[in-house]
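Trainee: below is the sequence, then the predicted model.
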Amino acid sequence: MVAISAELVKTLRERTGAGMMDCKEALVEAKGSLEAAVEVLRKRGLKDISKRAGKIAAEGVLGVYVHPGEQVVAVVELNCETDFVARNEEFRNLARNLAMQVAAMRPLYVAVEDIPPQILERETEILKAQLTESQLAKADKIIPGRLEKYYEDNVLYCQIYVKDESGKLKVKDLVDGLSAKMGEKIVVRRFQRFEVGEGIEKRVNDLAAEVARMVPA
């Protein structure tokens, strides 16, 4: 068996954020190759993501993005299991990039599960109303596919990552990929987008309507 030095284990841990024992086992499996050990950890992590679903992710950072001109700001809370990963630069970069995603793409929800039932019912009814008579018989097969477009527009995890040139990588895949690499549960807990003047026009119009109701014709 190849001898694995403590220094090599430390180097792998610093690069991946994985636990000491996981790093040592990966290096043993990779016969001492650092690069091969990284791949071992990534493959193992992808298999273990579902097992970590019940873990508590209470550490993390707030990723902040300020758009040039300082009129749009987005904040994302990205959580992980340990402070060690929270201090990892790759983790922090992801938080900042997700804040940029929120600023650019204006999602309303983190995950599909966060969509209120009444909103989902309303969207389903709208899609049904757009079907022809012949399509109504197959509505249960057509509607789910068309709802995917709504998810892609409004759900952060379902959106295509804005910095992905291939146009195929979704935000959820990006988060899961880092989760696999770090060997920890990583999730977006919440986000907020602010834009200068947002909502003012609506409030002015509402006030005008209220005044009109109060003043006799």
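Mentor: Now that the structure is in, tell me what you want to look at. This one's a predicted model, so the numbers in the text were calculated from it and none came from an experiment. Numbers count the residues shown, from 1 in each chain.

Trainee: helices of the protein, start to end?
Mentor: 6-16, 20-29, 34-48, 83-86, 89-105, 117-129, 133-136, 139-154, 171-182, 200-214 (DSSP state H).

Trainee: do you know which of those helices lies nearest residue 64?
Mentor: helix 89-105 (5.6 Å; C-beta to C-beta). From N, CA and C alone the C-beta is placed, and that goes for glycine too.

Trainee: turn the helices of the chain into a markdown table, including mean pLDDT.
Mentor: Converted to a markdown table, the helices of the chain look like this (pLDDT from 0 to 100):
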| stretch | mean pLDDT |
| --- | --- |
| helix 6-16 | 80 |
| helix 20-29 | 83 |
| helix 34-48 | 72 |
| helix 83-86 | 90 |
| helix 89-105 | 96 |
| helix 117-129 | 91 |
| helix 133-136 | 81 |
| helix 139-154 | 88 |
| helix 171-182 | 88 |
| helix 200-214 | 58 |
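
Trainee: for the ones you listed, give me TSV that also has mean neighbour count and distance to residue 164.
Mentor: Listed next are the helices of the chain as TSV, based on neighbours: other C-beta atoms under 10 Å; distance: least, C-beta to C-beta, whole Å:
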stretch	mean neighbour count	distance to residue 164
helix 6-16	16	22
helix 20-29	18	27
helix 34-48	17	18
helix 83-86	19	23
helix 89-105	19	10
helix 117-129	12	26
helix 133-136	9	33
helix 139-154	14	14
helix 171-182	20	8
helix 200-214	9	34
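
Trainee: residue 65 touches residue 74, doesn't it?
Mentor: Yes: shown here, residue 65 and residue 74 form a contact pair, counting by C-beta atoms under 8 Å, at 4.9 Å.

Trainee: what touches both of those two?
Mentor: 99-100, 102-103 (C-beta atoms under 8 Å, 6 or more residues apart in numbering).

Trainee: list the contacts for residue 195?
Mentor: 71-73.

Trainee: what subset of those residues is buried?
Mentor: Among those, those scoring as buried are 72-73 (criterion: 16 or more other C-beta atoms under 10 Å).

Trainee: nearest to residue 38, of the contacts of residue 195?
Mentor: residue 73 (35.1 Å).

Trainee: with adjacent residues omitted, what lies nearest to residue 98?
Mentor: residue 76 (4.5 Å; C-beta to C-beta, 6 or more residues apart in numbering).

Trainee: wait, doesn't the one you found sit right on residue 92?
Mentor: No: the criterion here is C-beta under 8 Å, and residue 76 misses it with residue 92 at 11.2 Å.

Trainee: what is in contact with those two at once?
Mentor: residue 63.

Trainee: any idea how this structure splits into domains?
Mentor: Domain assignment for the chain by automatic domain parsing gives 1-48, 58-115+155-217, 116-153.

Trainee: now stretch 59-68: mean pLDDT?
Mentor: Across stretch 59-68, the average pLDDT comes to 95.

Trainee: so which bits of it are buried?
Mentor: Those would be 59-63, 65, for stretch 59-68 by 16+ other C-beta under 10 Å.

Trainee: list the contacts of it.
Mentor: With contacts defined as C-beta under 8 Å, 6+ apart, stretch 59-68 is touched by 72-83, 85-86, 91-92, 94-100, 102-103, 189.

Trainee: let me see the contact set for residue 120.
Mentor: So, once contact is read as C-beta under 8 Å, 6+ apart, residue 120 ends up touching residue 147.
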